[in-house]
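J.: Okay, here's the prediction I keep looking at, along with the sequence it came from:
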Amino acid sequence: MSVRGKILAALAVPVLVLFVAAAVISGQAISAARGASQTNALVEALEVQDAAGTAIAAERGYAILDSYRVEGAEQMMLEQREATDRALDARDRASTG
């Protein structure tokens, strides 16, 4: 092998190692970004699900009060039902995209 070939070989090996390292690091970064994106989407979905669940629980509580004929419970239950419907609509919108 000539001197020129030896010099090119000596320079090619570190460059090849850098390319491989860059590919591995880029692959790991892309994987981490996907995981972070999925985690963010899950947290957002859980937030709207929690709001919907809380609204359903409140409506159920007012329905129980109404079944015991507590004064004003029916009106509060109807108002809460509207809030529950809005929360469920928001949850459905979040889950479909």
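T.: On my side now, so go ahead.
J.: contacting residues around the helix or strand in which Arg93 is found?
T.: Under the criterion of DSSP states H and E, Arg93 resides in helix 73-96. Around helix 73-96, the neighbours that count as contacts under C-beta atoms under 8 Å, 6 or more residues apart in numbering are 44-45, 48-49, 51-52, 54-56, 58-59, 62-63, 65-66. The way it works is simple: take the backbone N, C-alpha and C, and place the C-beta from them, glycine included.
J.: make it 6 Å
T.: If you take C-beta atoms under 6 Å, 6 or more residues apart in numbering as the criterion, helix 73-96 is touched by 45, 48-49, 51-52, 55-56, 58-59, 62-63, 65-66.
J.: next one: stretch 62-69
T.: Residues outside stretch 62-69 that contact it (C-beta under 6 Å, 6+ apart): 73-74, 76-77, 80.
J.: quick one: average confidence on stretch 23-35?
T.: In this model, stretch 23-35 has an average pLDDT of 97.
J.: picking that back up, any idea which of the contacts of stretch 62-69 is closest to Leu8?
T.: Of all those, Gln80 has the smallest distance to Leu8: 77.2 Å, by C-beta to C-beta.
J.: What's the separation between the closest residue to the closest one other than its chain neighbours and Leu78?
T.: Distances taken as C-beta to C-beta, 6 or more residues apart in numbering put Glu59 closest to Gln80, at 4.5 Å, once the chain neighbours are dropped. As judged by C-beta to C-beta, to the nearest Å, Glu59 and Leu78 stand 9 Å apart.
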